[in-house]
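Engineer: structure here, sequence nowhere to be found:
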């Protein structure tokens, strides 16, 4: 098995490197999907301050009711950063439309990197193929990776075989509960489906979740049940 390294990421995907030592608390946040109320509740629960940092795994938009407001919330704060998700990519490619978005919104979406990293940690929307180095991945693959040898939610999932480094934080695959393994942390817990919006507290190595109202019916076939996860 070829194991990806942090150095590989620098030559394969549009990556933004950050220095987390410049911040007090650091969080990685799951798919928001236009759920502004849930986002504000989560930030309040975290007691998110001016010296803290939140990195989103993408899919800030679509499905939920307030995509534009979520974009504005993230865009206007230097302490909120995000990678690009497949739903942002659909807007860039013209495969989807969101009424009310302005040119500034599209410029912001287009500016989002496909990865954010620090040390041996990597944030992407979808994931990575554990059988290939990151240098062999396209930007589209890290946006949409779920089951390299399967068909979507039929599995097997990439994180079942991935052995790192780097440690990968991801969304995209909706989980019943957040997933924490040595080399993979899954954070999409169905916010828009009436599940939870989840953050991973990097300093304290724990999950923080808030419940959210349902904005779309929950599709049971699109929820993954992963083993060996922990949830606090």
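Structural biologist: In hand now; what should we look at? Please read these numbers as outputs of a predicted model, since none were measured by experiment.

Engineer: can you pull the contacts of residue 172?
Structural biologist: Contacts for residue 172 (C-beta atoms under 8 Å, 6 or more residues apart in numbering) come out as 31, 57-59, 85-86, 125-127, 143-146, 188. Using the backbone N, CA and C atoms, a C-beta is placed for each residue, glycine as well.

Engineer: can you tell me the helix or strand for it?
Structural biologist: For residue 172, there is no host helix or strand (DSSP states H and E).

Engineer: for it, phi and psi?
Structural biologist: phi 70, psi -50 (degrees, to the nearest 10).

Engineer: for the protein, which segments count as strands?
Structural biologist: Along the chain, counting by DSSP state E, strands occupy 15-17, 26-29, 53-56, 80-82, 115-118, 121-123, 167-170, 179-180, 184-186, 196-201, 206-211.

Engineer: quick one: distance of the shortest one to the chain centre.
Structural biologist: Read that as strand 179-180. 13 Å (C-alpha atoms, centre = their mean, to the nearest Å).

Engineer: which strands and helices lie in contact with it?
Structural biologist: Contacts defined by 3 or more C-beta pairs under 8 Å, 6 or more residues apart in numbering; DSSP states H and E place strand 179-180 against strand 184-186.

Engineer: relative to the strand it packs on, what are the paired strands and their orientations?
Structural biologist: strand 167-170 (parallel), strand 179-180 (antiparallel) (DSSP bridges).

Engineer: for the longest one, give me every contacting residue.
Structural biologist: Under the criterion C-beta under 8 Å, 6+ apart, residues 28, 55, 57, 120-128, 159, 162, 182-188, 200 lie in contact with strand 167-170.

Engineer: drop anything exposed from the residues you listed.
Structural biologist: Buried members of the contacts of strand 167-170, counted by 16 or more other C-beta atoms under 10 Å: 28, 55, 57, 121-128, 159, 162, 183-188, 200.
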